[in-house]
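S.K.: sharing a model that was predicted from the sequence below.
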Amino acid sequence: MKESIQEQLIVARRNQILDAATKVFAQKGFHPTTIRDIAREAGIADGTIYNYFENKTALMLGILDRLNESDQRHEDFAKFTEGDFRSFTKAYFRHRLTALKADNFEIFRIVISEVLVNRELRELYYRKIIEPTFTMAETYFQQWAEQHIVKSTNMRLAMRAISGMVLGLIIEYLMGDTTLETAWDELPDVLTDMIMDGLRSEKP
């Protein structure tokens with residue numbers, strides 16, 4: 001069902017505000033940034049922001065939602081129901097890691113530091129973004145296990161292990177790991193092989 005013109009305008013305005021907030025948060029940090037700073041960057045009146053976002057925490061949550069690509073996850077997983085799971089996994093990692101490298105590392109640095117100290121943001125982030133994403137992924141992986149595409153295991157733990165591995169790599173990158181900085185584009189292949197095959201040598 002196509003969105004109405006009004007719905008499209010609302011989405012466009014929200015994205016305009018989130019783009020401005022992302023830029024200003026990355027430049028100044030979360031706490032020094034004001035709504036006025038974001039409005040100025042977006043080229044709109046201060047009050048306009050409050051029509052779409054309650055406060056700076058809501059803005060940060062909106063940025064996190066975009067980084068997570070929550071709206072696209074069902075479509076991404078639904079594309080794969082049977083067949084070459086290795087290719088799906090590699091393509092998925094490549095999409096997520098390339099998008100992050102493109103322009104989001106600096107904002108992710110701000111996000112991580114704020115999530116760790118801001119209890120309200122942390123709880124909202126987990127309840128509204130992380131938990132629904134895990135639940136959706138677990139459902140798909142359970143279906144794949146029933147089709148014998150993936151091994152039957154504790155899906156709740158498996159999803160968190162994979163997510164934690166990627167999050168750890170992002171944090172290491174942000175800390176200045178030169179190996180990751182120079183070989184980030186190789187990670188989709190490495191991660192896929194590790195998940196599929198482990199690290200055990202084929203030779204005895």
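M.R.: That came through fine.

S.K.: hey, let's count contacts and neighbours off CA atoms from now on
M.R.: OK.

S.K.: helix/strand/coil for residue 185?
M.R.: Secondary structure state of residue 185, per DSSP: H, G, I helix; E, B strand; the rest coil, is helix.

S.K.: is it in contact with residue 98, as I believe?
M.R.: Yes. With contact defined as CA atoms under 8 Å, residue 185 reaches residue 98; the gap is 7.3 Å.

S.K.: dump the host helix or strand of residue 140 to PDB, keeping only the CA atoms.
M.R.: In the assignment (DSSP states H and E), residue 140 maps to helix 131-146. Taking C-alpha atoms only, helix 131-146 is exported to PDB below (Å, rounded to 0.1, in the frame of the first residue of the first chain):
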ATOM      1  CA  GLU A 131      14.500  -6.700  21.600                       C
ATOM      2  CA  PRO A 132      12.100  -6.500  18.600                       C
ATOM      3  CA  THR A 133      15.100  -7.100  16.200                       C
ATOM      4  CA  PHE A 134      16.200 -10.200  18.200                       C
ATOM      5  CA  THR A 135      12.700 -11.500  18.400                       C
ATOM      6  CA  MET A 136      12.200 -11.200  14.600                       C
ATOM      7  CA  ALA A 137      15.600 -12.700  13.800                       C
ATOM      8  CA  GLU A 138      15.000 -15.700  16.200                       C
ATOM      9  CA  THR A 139      11.700 -16.400  14.400                       C
ATOM     10  CA  TYR A 140      13.400 -16.500  11.000                       C
ATOM     11  CA  PHE A 141      16.300 -18.600  12.200                       C
ATOM     12  CA  GLN A 142      13.900 -21.000  13.900                       C
ATOM     13  CA  GLN A 143      12.100 -21.400  10.500                       C
ATOM     14  CA  TRP A 144      15.500 -22.000   8.800                       C
ATOM     15  CA  ALA A 145      16.400 -24.600  11.500                       C
ATOM     16  CA  GLU A 146      13.100 -26.400  10.800                       C
END
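
S.K.: what's the closest non-adjacent residue to the residue sitting nearest the centre point of the chain?
M.R.: When CA atoms, centre = their mean is applied to the chain, the residue found nearest the centroid is residue 68 (2.6 Å). With CA to CA, 6 or more residues apart in numbering as the criterion, residue 68 has its nearest non-adjacent residue at 7.6 Å, and that residue is residue 129.

S.K.: could you give the mean pLDDT of the helix or strand containing residue 47?
M.R.: Residue 47 is part of helix 46-50, with elements assigned from DSSP H and E. Averaging pLDDT along helix 46-50 gives 92.

S.K.: got it, and stretch 132-140?
M.R.: pLDDT averaged over stretch 132-140 gives 87.

S.K.: check stretch 87-99 too.
M.R.: Averaging pLDDT along stretch 87-99 gives 84.

S.K.: show me which residues of that stretch are buried.
M.R.: 88, 89, 90, 92, 93, 94, 97, 98 (16 or more other CA atoms under 10 Å).
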